[in-house]
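>>> next come a sequence and a model predicted from it.
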Amino acid sequence: MSTEIPSLHAAYANKFKIGAAVHTGMLQSEGEFIAKHFNSITAENQMKFGEIHPEENRYVFDAADAIVDFAVAQGMGVRGHTLVWHNQTSKWAFEDSSGAPVSRELLLSRLKQHIDTVVGRYKGQIYAWDVVNEAIEDKTDLFMRDTKWLQLVGEDYLQQAFSMAHEADPNALLFYNDYNETDPVKREKIYNLVRSLLDKGAPVHGIGMQGHWNIHGPSIEEIRMAIERYASLDVQLHVTELDMSVFRHEDRRTDLTAPTPEMAELQERRYEEIFDLFREYKSSITSVTFWGVADNYTWLDHFPVRGRKNWPFVFDQQLQPKESFWRIIKDNES
């Protein structure tokens with residue numbers, strides 16, 4: 001006798017949105033599955049600057065439009081990702097006609113034109129944007145990541161970007177998004193950055209905790225401390241890019257063709273504990289997005305070891321629920 005598989009997002013209907021990062025190919029091959037289990041989607045790459053605005057006077061909206069159209073048709077929310085990032089930004093944005101670095105004024109005017117065009121196109125359809133992504137430096141002794149945005153505009157590029165995004169869609173929720181968000185040193189830097197933006201009147205509505213974690217860490221207590229610290233700013237929290245690698249970051253082995261029983265059990269327990277924690281903070285956490293859908297496709301198949309298979313989700317390679325799926329929907333009535 002087959003067991004009817006319940007909807008993942010329906011299990012969390014009174015708590016927070018359950019999202020997935022997608023690309024257009026996944027919508028074509030797995031659209032029905034995605035619509036059943038998720039009520040928010042994020043474009044994995046197809047809304048990033050380099051993809052959507054490859055040349056100064058050319059925008060490519062086909063993929064982004066398809067993602068938004070799918071979501072609208074299914075009654076799903078869309079998180080826009082991302083407007084300002086040091087990676088996957090078109091090279092032309094930072095150069096003038098001679099190839100020299102642009103002035104602050106020209107770069108800001110290009111950014112405003114990009115934000116007005118992209119955010120404006122999806123006004124009322126994209127409910128939240130990751131406005132600035134990964135602006136904080138991982139190294140302990142530095143605060144801001146040394147990017148072309150910082151070099152050419154200055155530290156106020158974040159405030160400028162948030163203001164532009166708010167002008168383009170006053171009703172969209174605007175997020176600062178980053179990884180290693182539970183590391184105590186980086187946690188404080190993220191907290192201080194967002195606090196300073198709020199103090200300056202920037203329209204920052206939330207912090208995106210990416211959640212690229214593994215079966216060994218960070219600890220539940222470290223995640224809890226980060227949630228409490230960020231929530232103390234009275235902003236919304238989104239877990240934006242959740243996956244649970246079965247490898248430690250420094251583990252470079254390539255011989256596994258499936259997770260070991262120990263890995264699988266640890267992943268199940270971790271997902272259960274982490275979602276218990278998320279439910280505990282449902283007054284602050286309003287969305288949890290997996291950075292993918294199922295184990296058949298994940299960016300972790302190429303990072304940090306290119307070509308090595310990983311199994312980071314609660315659905316397996318055949319889109320079937322793993323034990324971790326049943327653990328995170330159990331006892332979810334309160």
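Now that the structure is in, tell me what you want to look at.
>>> what about residue 112, how many residues nearby?
By other C-beta atoms under 10 Å, the residues close to residue 112 number 17. Glycine gets a C-beta too; all of them are placed from N, C-alpha and C.
>>> and the helices in the stretch 151-300 of the chain?
Per DSSP state H, counting those that start in this stretch, the stretch 151-300 of the chain carries helices over the ranges 157-168, 184-199, 220-231, 261-280.
>>> same check, this time on the stretch 1-150 of the chain
Listed in chain order (using DSSP H, counting those that start in this stretch), the helices of the stretch 1-150 of the chain are 8-11, 24-37, 49-52, 62-74, 104-121, 148-153.
>>> and the first one, what does it pack onto?
Contacts of helix 8-11 with other secondary structure elements, assessed using 3 or more C-beta pairs under 8 Å, 6 or more residues apart in numbering; DSSP states H and E, are made with strand 17-22, helix 323-329.
>>> ditto for the fifth one
Counting contacts by 3+ C-beta pairs under 8 Å, 6+ apart, helix 104-121 is packed against strand 77-84, helix 148-153, helix 157-168.
>>> if we use 7 Å, what do you get?
If you count contacts as 3 or more C-beta pairs under 7 Å, 6 or more residues apart in numbering; DSSP states H and E, helix 104-121 packs onto helix 148-153, helix 157-168.
>>> so can I have JSON lines of these showing mean neighbour count and distance to residue 326?
As requested, the helices and strands packed on helix 104-121 are exported to JSON lines (neighbours: other C-beta atoms under 10 Å; distance: least, C-beta to C-beta, whole Å):
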{"stretch": "helix 148-153", "mean neighbour count": "18", "distance to residue 326": "44"}
{"stretch": "helix 157-168", "mean neighbour count": "22", "distance to residue 326": "39"}
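>>> reformat the ones you listed as a markdown table; add distance to residue 188 and mean pLDDT.
Below are the helices and strands packed on helix 104-121 laid out as a markdown table (distance: least, C-beta to C-beta, whole Å; pLDDT from 0 to 100):
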| stretch | distance to residue 188 | mean pLDDT |
| --- | --- | --- |
| helix 148-153 | 19 | 96 |
| helix 157-168 | 17 | 98 |
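>>> of the helices of the stretch 1-150 of the chain, give the one that comes closest to residue 217.
helix 8-11 (24.4 Å; C-beta to C-beta).
>>> point out the most buried one among the helices and strands packed on helix 8-11.
strand 17-22 (a mean of 24; mean count of other C-beta atoms under 10 Å).
>>> any chance of CSV for the helices of the stretch 151-300 of the chain, columns distance to residue 137?
Below are these laid out as CSV (distance: least, C-beta to C-beta, whole Å):
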stretch, distance to residue 137
helix 157-168, 14
helix 184-199, 8
helix 220-231, 18
helix 261-280, 26
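>>> okay, the helices of the stretch 1-150 of the chain in CSV with distance to residue 315 next?
Putting these into CSV (distance: least, C-beta to C-beta, whole Å) gives the following:
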stretch, distance to residue 315
helix 8-11, 9
helix 24-37, 8
helix 49-52, 26
helix 62-74, 18
helix 104-121, 31
helix 148-153, 36
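>>> so which residue is smack in the middle of the protein?
residue 240 (3.3 Å; C-alpha atoms, centre = their mean).
>>> not including adjacent chain positions, what is the nearest residue to that one?
residue 208 (3.9 Å; C-beta to C-beta, 6 or more residues apart in numbering).
>>> sorry, back to before: most neighbours per residue, which of the helices of the stretch 151-300 of the chain?
Buried most deeply of the helices of the stretch 151-300 of the chain, by mean count of other C-beta under 10 Å, is helix 157-168, with a mean of 22.
>>> and that helix, what does it pack onto?
strand 77-84, helix 104-121, strand 128-133, helix 148-153, strand 173-178, helix 184-199.
>>> ok, and what's touching it?
Residues outside helix 157-168 that contact it (C-beta atoms under 7 Å, 6 or more residues apart in numbering) are 83-84, 108, 111-112, 115-116, 119-120, 123, 129, 131-132, 135, 149-150, 153, 172, 174, 197, 200, 202-204.
>>> and if you look at stretch 20-38?
7-9, 18-19, 41-46, 63, 66-67, 70, 74, 76, 241, 289-293, 297, 319.
>>> buried subset of those?
Burial by neighbour count, judged by 16 or more other C-beta atoms under 10 Å, picks out 8-9, 18-19, 41-44, 46, 63, 66-67, 70, 74, 76, 241, 289-293, 297, 319 from these.
>>> for this structure, longest strand please?
What stands out as the longest strand in the chain, according to DSSP state E, is strand 236-245.
>>> my guess is residue 286 contacts residue 236. True?
Yes: look at residue 286 against residue 236 with C-beta atoms under 7 Å: they come within range, at 5.0 Å.
>>> higher neighbour count, these two?
residue 236 (21 against 17).
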